[in-house]
Structure formats: structure tokens, C-alpha cells
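>>> please find the sequence and the predicted model below.
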Amino acid sequence: MSIFSKIKEKIFGKKAEAAPVEQPAAAPVAAPVAAPVAISEVDVEANLAAMAGADTLNWRTSIVDLMKLVGLDASFAERKELAHELGDTDYSGTAEENIALHKHVMKALAQNGGKVPASMLD
């Protein structure tokens, strides 16, 4: 599993598997099919703020603290791999690159169904 996928899973939670629907054996009329339900956006900020330790980490702007908050290794090697997953092949771990990586992660979460405040995107 990619590092971004791990971050996303920690914030969004695991998707519940749909239980199989039993069809009555002797039903003379087919049951109406329910309309598909739209997937609601996940409130990324609220979910992160509710995690243990959120009040002591600077996860809103720091990729290191964000990774720590969700229980992942925030080492340079892991951040470099995350940057590569998101398309940054020149990541060297500078403060500016860490800020950019955090914003890239937030944008990717937003593109995957997360509701992310504008302040975390730009």
C-alpha cells in the first residue's frame, strides 16, 4: 500500500463493505431497486483534529506532524517516497519542500473526496 493510501485510509477510515442483500425466494414481484447514494465528502480537518495528539502537533502545515498524527513514520525516506508517489522526483527535504508536500497531500485528499479548508490548499 502506498504511503498516500495509508494517510488517506487513516483520515477517511476503512470503507465498510456492503452486506449482501437477501432476495426472498418466493417473491412474485421484484423489489424496487434503491437509487445509488452519493458518497459524501470526508471532513479532513475535523477527522484529523479529533485524533489523539492533534492538539500538540502542527499537522495543519507540517507534513512531518501530519504523518506522526496518523501514525506513520515521518522519516526523510518515507517523505521522499511520498513525494515521489505524488510526482515530485526532486524532493530533498527542505523546509519549503515539506510545506509544498503537505499542500500536495491536502490537494490529493481533496481530489479523493476529502473536504479540505482552502487555508490548507494554498
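Received the coordinates, thanks.
>>> can you give me phi and psi for the residue nearest to Lys80 when sequence neighbours are not counted?
Excluding its sequence neighbours, the residue lying closest to Lys80 (C-beta to C-beta, 6 or more residues apart in numbering) is Tyr91, at 5.1 Å. Placement of C-beta: from N, CA and C, glycine included. Backbone torsions of Tyr91, given as degrees, to the nearest 10, read phi -70, psi 130.
>>> Tyr91 contacts Glu85, correct?
No. Using C-beta atoms under 8 Å, Tyr91 is not in contact with Glu85; the gap is 10.5 Å.
>>> before we move on, back to that, mind listing what the residue nearest to Lys80 touches?
Arg79, Lys80, Ala83, His84, Glu97, Leu101 (C-beta atoms under 8 Å, 6 or more residues apart in numbering).
>>> distance to Gly13 and pLDDT for the residues you listed - can I get that in CSV?
Listed next are the contacts of Tyr91 as CSV, based on distance: C-beta to C-beta, whole Å; pLDDT from 0 to 100:
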residue, distance to Gly13, pLDDT
Arg79, 23, 98
Lys80, 27, 97
Ala83, 25, 97
His84, 26, 96
Glu97, 29, 96
Leu101, 23, 97
